[in-house]
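S.K.: what follows is a predicted structure for the sequence shown.
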Amino acid sequence: MSLQHETSPGMVPNASTPEGARVRQDFIAAMLEIVGDSRLFWLPKTTDTTTSVSVDKLADVLTHNATIAARITSLGSGAQVDFDGDDDEADTPDSDDHSFGDGVVDEPFSLLWVGTPDTDVSAQTLISKLNDATTEEYELHLTATNGFPTLDIWDASASAAIGRSHDVDIGTSLVFIAATYNGNGSVSGINLYKNAALVDDGVGGTTGTYVAMENTASLVRLGTRFTTNERFYNGKMALAIITAKALSHNEIWSAKTLINSFLNASL
């Protein structure tokens, strides 16, 4: 197969081509250099069906609610999965690697997400680790009616929480959202970024007396939260990362440049 069939002028190699596969591996290696100790790196492939395997060293298996074969399309040298906002989701079993608190002290972590929402006027979960209202750890989500990107972090035993949001809707174009937490037990330790711009302009929220997250048995989920309050995501999703590091602004900007090249985007 000639390179001419694998690329188009001004475009990156398609995900389904040999050259696209090489670009994918280069992207993964470069992104792992930036994010460090990745605990979940979901990067869908065009050949995924009922499961996906994370591309970090942990190789977590994410199970989809149903086959995604008809819901997955190429995007640059990557792929994106369409979530219907009704019951589409992916989840992976609980692991200590996905928790960043022991009830006494928190550890730093960051969440990175890339997607294209179909709507931003409803409560929607992007990445979560919570099984019910009493076993909550963290959630990157959109607020109801106004679509504000928000990171909430819970101290389950104290029924307490800290959180921060961006007081502008996420929009319905391809977007890169990053949330970082330095582990200091305070709203001041949370930063939010939209397309690598610092946007944590929302009023920091505090409920109760927050000490630290608990290490619960909650699953990690993409596109939903627990079954009695799902908040299903409606739109396409191209990447989700959980890492044990509070990424700097420069690191998030570097991640954006890689994402732009890989997905043939201009975030």
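M.R.: The structure has been received and is ready for your questions. If you're wondering where the values come from, they're calculated on a predicted model, not measured in any experiment.
S.K.: can you name the next helix or strand after the top helix by length along the chain?
M.R.: For the chain, the longest helix by residue count, based on DSSP state H, is helix 18-35. Later in the chain than helix 18-35, the nearest helix or strand by DSSP states H and E is strand 38-42.
S.K.: next secondary structure after that following strand?
M.R.: strand 51-53.
S.K.: direction included, what does that following strand pair up with?
M.R.: Sheet pairing for strand 51-53, assigned by DSSP bridges, gives strand 61-64 (antiparallel).
S.K.: which SS state does residue 259 fall under?
M.R.: At residue 259, secondary structure determined by DSSP: H, G, I helix; E, B strand; the rest coil is helix.
S.K.: quickly note the distance from it to residue 103.
M.R.: 35 Å (Cβ to Cβ, to the nearest Å). The way it works is simple: take the backbone N, C-alpha and C, and place the C-beta from them, glycine included.
S.K.: quick one, phi psi at residue 97?
M.R.: phi -70, psi -20 (degrees, to the nearest 10).
S.K.: got it, and the one 10 residues further on?
M.R.: Comment: the main-chain dihedrals of residue 107 come out as phi -110, psi 150, following degrees, to the nearest 10.
S.K.: mind checking how far it is from residue 160?
M.R.: Going from residue 107 to residue 160 by Cβ to Cβ gives 18 Å.
S.K.: what does residue 90 give?
M.R.: 29 Å.
S.K.: those two: who's more crowded?
M.R.: Between residue 90 and residue 160, counted using other Cβ atoms under 10 Å, the more crowded position is residue 90 (25 against 16).
S.K.: for that one, give me its contacts.
M.R.: Contact analysis of residue 90 by Cβ atoms under 8 Å, 6 or more residues apart in numbering lists 42, 52, 62-65, 221-223.
S.K.: looking at the residues you listed, which one is closest to residue 140?
M.R.: Comparing the contacts of residue 90 against residue 140 with Cβ to Cβ places residue 222 closest, at 10.1 Å.
S.K.: which residue packs closest to that closest one, ignoring adjacent ones?
M.R.: residue 90 (4.5 Å; Cβ to Cβ, 6 or more residues apart in numbering).
S.K.: for the chain, which residues score under the pLDDT cut-off?
M.R.: By pLDDT under 70, the weakly predicted segments of the chain are 1-10, 202-204.
S.K.: quick one: the strands in the stretch 101-250 of the chain?
M.R.: 109-117, 124-130, 136-142, 149-155, 160-165, 175-181, 190-194, 197-198, 205-207, 220-222, 234-243 (DSSP state E, counting those that start in this stretch).
S.K.: same for the second one, what does it pack against?
M.R.: By that I understand strand 124-130. strand 109-117, strand 136-142, strand 220-222, strand 234-243 (3 or more Cβ pairs under 8 Å, 6 or more residues apart in numbering; DSSP states H and E).
S.K.: relative to helix 18-35, how tilted is the last one?
M.R.: So the one you mean is strand 234-243. Using axes from the mean of the first three to the mean of the last three Cα atoms, to 10 degrees, the direction of strand 234-243 lies 50 degrees away from that of helix 18-35.
S.K.: how far off centre is strand 234-243?
M.R.: Relative to its parent chain, strand 234-243 has a centroid offset of 4 Å by Cα atoms, centre = their mean, to the nearest Å.
S.K.: what strands line up against that strand, and which way round?
M.R.: Strand 234-243 has these strand partners (DSSP bridges): strand 38-42 (antiparallel), strand 78-84 (antiparallel), strand 109-117 (antiparallel).
S.K.: for the longest one, the distance to its chain's centre please.
M.R.: Spelled out, it's strand 109-117. 3 Å.
S.K.: sorry, back to before: mind putting the strands paired with strand 234-243 in JSON lines, distance to residue 13 and mean neighbour count included?
M.R.: Converted to JSON lines, the strands paired with strand 234-243 look like this (distance: least, Cβ to Cβ, whole Å; neighbours: other Cβ atoms under 10 Å):
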{"stretch": "strand 38-42", "distance to residue 13": "21", "mean neighbour count": "23"}
{"stretch": "strand 78-84", "distance to residue 13": "11", "mean neighbour count": "23"}
{"stretch": "strand 109-117", "distance to residue 13": "19", "mean neighbour count": "24"}
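S.K.: I am finished for the moment; much appreciated.
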